[in-house]
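**Q** For reference, the sequence and a predicted model appear below.
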Amino acid sequence: MPQSTAEIQNYLDENAERFQNELCDWLRLASVSTDSKFAGDVRAAADWLLTRFQNLGFESQIIETVGHPIVYAETPPVADAPVVLVYGHYDVQPPDPLDLWDAPPFEPTIRNGNVYARGATDDKGQLLTHVLSCEGWMKTAGKLPLQIKFLVEGEEECGSEGLNEFLAGKYDGDGPRVEDRLAADICVISDCSQYGPGQPAITYGLRGITYFELRVNGPNRDLHSGSFGGAVTNPANALSKILSGLIDGDGRIQIPGFYDDVIDLTPRERKEYESLNFDEAAYQQDLGVAATTGESGYTTLERRWARPTFDVNGLWSGYQGEGAKTVLPAKAGAKFSFRLVPNQDPVKIAEGLRQRITELCPPGVNFELVDMHGAPGALVPLENPFMEPAAKAIEKGFGTRPVFIRGGGSIPLVGSIKQQLGMDTLLLGWGQDDDNPHSPNEKFSLEDFQKGIKASAWLWQEISQINKSS
């Protein structure tokens, strides 16, 4: 281990208590981006981070957008060493419902080895680990072993309008193009979770999503089901028929071309998942269900992480009040989503869906299909040259080698970074699945916070050893 890295580790240990206090200072700023009454706190959180970068001597600035500002900072280039782009966000979810918090959401509380506050794990605590690891390098070695660029937004929790415009070049002005400013060899995001307590992970794949609302329209008014039932097509019945026709009893989605572009799991991936010793019974008990279901031929982890799905997210039609009302409703509707695996195209799925609904829709009703939003999935090959350096860094920081997992959810920005900037993303999560990131009593393990800082410090060292000129 280089002498400078040993000094960094000592520095991080000696300043651990201060780091925890500074995290709490940042968490006290109620940076709720979706509610205008918190605009002052959102700005204060951006300024807090900018000051941190300035104190480290980084070239840094506030980039004003249509909404909340972006904080950008970078270190000097290092010859022949890779460049890393670190993305994060300083805005947080609304804390409601307040009565379900054990302590005020913006008064950080330490108990059971965790810090409880809104934003603790999503994403202030996780992002700050990378800033503090840079401090360790700057205060001991005087420089970083590679160039790092920080891109931190304030609207992740409300749509990222400003960031999307920034990536599209709207705020370039007379400065460098966004493609040049953000040019890097790999992106690092810590806004996710470990596999479980004591088991860090690298998330190398995410599912995409495409989301729809289906409206089925029948007669021009609600009808008496006795007088008209059997003579007029019931929109609620029609909706049920359509939805059930989108998936079969084996969990296979019945849309033309749906599986054409699905990438099968490799033998290595299936072996990795098998080695995780997933506890199916404990999973069912935690959820309060008697069995798991899904596409035949795949395990629960494979279905959650690496197979596409169809789920109804909401239904409405007819009478919803107390007691009975024999009504044949005039309208019915549903909201539903497809989780897509990498290589599936949301536009192609939408076209096939419309064709399939047309086939299923019975006479006597018509339908409207609203395409609400979509984003492709993302996959970084396990053979990517940045994977093993990241695994070594995490093992040194956490004392345990990470496992390789996929995530069932979606982070649209990962796809945007790949499409617009041409780089893959390492998803290195220090959180846990029970951190309640959008719920009351959000938390972050302080032990994992400190381990994340050390893993991050090692990450810069390990990545710097990938020689770009070779």
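**A** Done, it's in.
**Q** helix or strand for residue 148, which one?
**A** strand 147-153 (DSSP states H and E).
**Q** Centroid-nearest residue for this protein?
**A** Closest residue to the average C-alpha location of the chain: residue 411 at 4.0 Å, with C-alpha atoms, centre = their mean.
**Q** Quick one: residues contacting it.
**A** 189, 191-192, 206, 378, 427 (C-beta atoms under 8 Å, 6 or more residues apart in numbering). C-beta here means a position set from N, CA and C on the backbone, and glycine is covered the same way.
**Q** returning to that earlier point: tell me the helices and strands packed up against whichever helix or strand comes after the strand holding residue 148.
**A** Where DSSP H and E defines the elements, the next helix or strand beyond strand 147-153 is helix 161-167. The helices and strands touching helix 161-167, judged by 3 or more C-beta pairs under 8 Å, 6 or more residues apart in numbering; DSSP states H and E, are strand 70-74, helix 412-416.
**Q** after helix 161-167 comes which helix or strand?
**A** That would be, after helix 161-167 and using DSSP H and E, helix 178-181.
**Q** Average pLDDT for that following helix, rounded please.
**A** Mean pLDDT, helix 178-181: 94.
**Q** and it, which residues are buried?
**A** Within helix 178-181, the residues scored as buried using 16 or more other C-beta atoms under 10 Å are 178, 181.
**Q** And for the following helix or strand past it, what's in contact with it?
**A** Using DSSP H and E, the next helix or strand after helix 178-181 towards the C-terminus is strand 186-189. For strand 186-189, contacts defined as C-beta under 8 Å, 6+ apart pick out 82, 84-88, 130, 386, 411, 413-414, 417, 421, 423-428, 459, 463.
**Q** Kindly report the same for stretch 454-470.
**A** Contacts for stretch 454-470 (C-beta under 8 Å, 6+ apart): 2, 5, 8-9, 12, 78, 80-82, 84, 129-130, 132-134, 136-137, 144-146, 148, 185-186, 188, 190, 200, 385-386, 389-390, 392-394, 396-398, 428, 430.
**Q** Please apply the same query to stretch 52-70.
**A** For stretch 52-70, using C-beta under 8 Å, 6+ apart, the contacting residues are 33, 39, 42-43, 46-47, 50, 71-76, 91, 131, 134-135, 138, 150-155, 158, 161-163, 165-166, 171.
**Q** Buried subset of those residues as a ChimeraX selection?
**A** With 16+ other C-beta under 10 Å as the criterion, this ChimeraX line picks the buried residues out of those:
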select :33,42,43,46,50,71,72,73,74,75,91,131,134,135,138,150,151,152,153,154,155,158,162,163,165,166,171
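**Q** Please report the distance of residue 223 from residue 361.
**A** 19 Å (C-beta to C-beta, to the nearest Å).
**Q** ditto for residue 437
**A** For residue 437 relative to residue 361 (C-beta to C-beta), the value is 39 Å.
**Q** Then residue 150?
**A** 50 Å.
**Q** same thing with residue 113?
**A** Residue 113 is 55 Å from residue 361, by C-beta to C-beta.
**Q** What is the end-to-end distance of stretch 105-119?
**A** End-to-end span of stretch 105-119 (C-alpha to C-alpha, to the nearest Å): 9 Å.
**Q** Thanks a lot, catch you later.
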